[in-house]
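>>> output the structure for:
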Amino acid sequence: MKEKLNLEKSILKLVLSDNYQPLKPKAIAKKLKLLGEEREVKRTIKRMIKKGRLAYGPKHLVMRATGNPEARNKSKQKAARKSNEIVGLFRRAAAGFGFVTPEGSIASDRSDDIFVPKTKTADATNRDIVKIRVSEGRGNGDHQRKSGRVIEIIKRFSHRFVGTYHEANEYGFVTVDGGVFETGIFVGDAGAKNCKVGDKVVIEMANFPSIKQDGEGVIVEVLGDRGTPGVDTLSIIRQYDLPEEFPEKVLEDARRQAEIFNEDDIGDRTDFRDTTVITIDPKTARDFDDAISLKQLENGHWQLGVHIADVSHFVPRHSDLDDEAYSRATSIYLPDRVIPMLPEIISNNLASLQPDRVRYCMTAVIEFNS
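Below you'll find the model as predicted:
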């Protein structure tokens, strides 16, 4: 009798599991590793169907019985769990705990943030998109603070990190910049990259650290000695995965714009070529795209022209140029270089307000009284 009950329990556990796909009794016996006992499994399933605990589907596939209290309870438990599951942006604190901002929350409003204890962050790291299961809040009334545990990493923000290489007890490890991880990340044979202690390096994560395991990675690039001119800038570029070279198809798009641009063809644009227009960017500026003009009108008022380089003229909508600019979002100014939003043939030529050159602008003409 006890054996029959145990077999029923095993079959029911399989059929009610979340990932169960309807199977025939013989396949169920195989799943339960009961080869040679297929007939007993089949008899048990028939008995359970008569009791209403299981049901036959098409082609005699064994399915859950909709009226089965165990199935109903399982379904309710699953629904309850799902109702407490939230997807959001994870932010890890230096001490190891973190907070999740649910999707759809206002970025500046942290009142919806859910606390994740250090022991429940799994291997999530800063800016990952995660799924958490929320537990009951602690405290009373409005002072309850929700907390949760990470149950799934939906999307990694990055698998590459920048840090400094160290050695201890003949093991190599990298301390990642910005306090992303509490402890160093173990790396294998640094000699393969001619890496020295103190070098800034880029690592690719093999295993993210968690409360249960140490982090492990591999050095994919040696940036150079920490503090060497240019290395810090390169570290920032790698750390934030900033774009550098433009794809060839984007450069071709920019060259095509240069070929068709004709300084003498102003079309129906307002002509300011006989007006004194001066750029307001200093000599040391990385680009020149802002200018003003000023003149007094007959009524005594002043007319100010504010001229901004018309970059959009050279960026056809949905072109390769447009897609690349959208992806980059802005030019990025670093201490010793600029990573431009658009290729230099546009940003430093066609759309640069250079002296004695005809350039297209978007202009606001503003009249001031005293």
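>>> the residue nearest the centre of the chain: what secondary structure?
Residue closest to the average C-alpha location in the chain (CA atoms, centre = their mean): residue 157, at 3.8 Å. Under DSSP: H, G, I helix; E, B strand; the rest coil, residue 157 falls in the coil class.
>>> isn't it right up against residue 124?
No - Residue 157 lies out of contact with residue 124 (CB atoms under 8 Å); the separation is 9.7 Å. C-beta coordinates here come from the backbone N, C-alpha and C atoms, glycine included.
>>> coming back round to it: for the residue nearest to the centre of the chain, which non-adjacent residue is closest in space?
Spatial nearest neighbour of residue 157, chain neighbours left out: residue 127 (3.7 Å); criterion: CB to CB, 6 or more residues apart in numbering.
>>> what segments of the stretch 101-250 of the chain are strands?
Secondary structure of the stretch 101-250 of the chain (DSSP state E, counting those that start in this stretch): strands located at 114-116, 129-138, 145-155, 160-168, 171-176, 185-187, 199-207, 216-225.
>>> reformat those as a markdown table; add mean neighbour count and mean pLDDT.
Shown next, in a markdown table, are the strands of the stretch 101-250 of the chain (neighbours: other CB atoms under 10 Å; pLDDT from 0 to 100):
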| stretch | mean neighbour count | mean pLDDT |
| --- | --- | --- |
| strand 114-116 | 21 | 93 |
| strand 129-138 | 16 | 82 |
| strand 145-155 | 16 | 89 |
| strand 160-168 | 18 | 90 |
| strand 171-176 | 19 | 90 |
| strand 185-187 | 22 | 90 |
| strand 199-207 | 20 | 90 |
| strand 216-225 | 17 | 88 |
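>>> these: which one's closest to residue 19?
Minimum separation from residue 19 across the strands of the stretch 101-250 of the chain (CB to CB) falls at strand 145-155, 14.6 Å.
>>> how far does the closest one sit from its chain's centre?
Taking the mean of its C-alpha atoms, strand 145-155 sits 16 Å from the chain's own mean (CA atoms, centre = their mean, to the nearest Å).
>>> and that strand, what does it pack onto?
Packing partners of strand 145-155 (3 or more CB pairs under 8 Å, 6 or more residues apart in numbering; DSSP states H and E): strand 85-92, strand 114-116, strand 129-138.
>>> could those go into TSV alongside distance to residue 206?
Below are the helices and strands packed on strand 145-155 laid out as TSV (distance: least, CB to CB, whole Å):
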stretch	distance to residue 206
strand 85-92	19
strand 114-116	24
strand 129-138	20
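>>> go through those strands and name the closest to residue 266.
It is, among those and with distance given as CB to CB, strand 85-92, at 47.6 Å.
>>> what helices and strands are in contact with that closest one?
So strand 85-92, by 3+ CB pairs under 8 Å, 6+ apart, packs with strand 98-102, strand 114-116, strand 129-138, strand 145-155.
>>> now those as JSON lines including distance to residue 27?
Listed next are the helices and strands packed on strand 85-92 as JSON lines, based on distance: least, CB to CB, whole Å:
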{"stretch": "strand 98-102", "distance to residue 27": "40"}
{"stretch": "strand 114-116", "distance to residue 27": "40"}
{"stretch": "strand 129-138", "distance to residue 27": "31"}
{"stretch": "strand 145-155", "distance to residue 27": "29"}
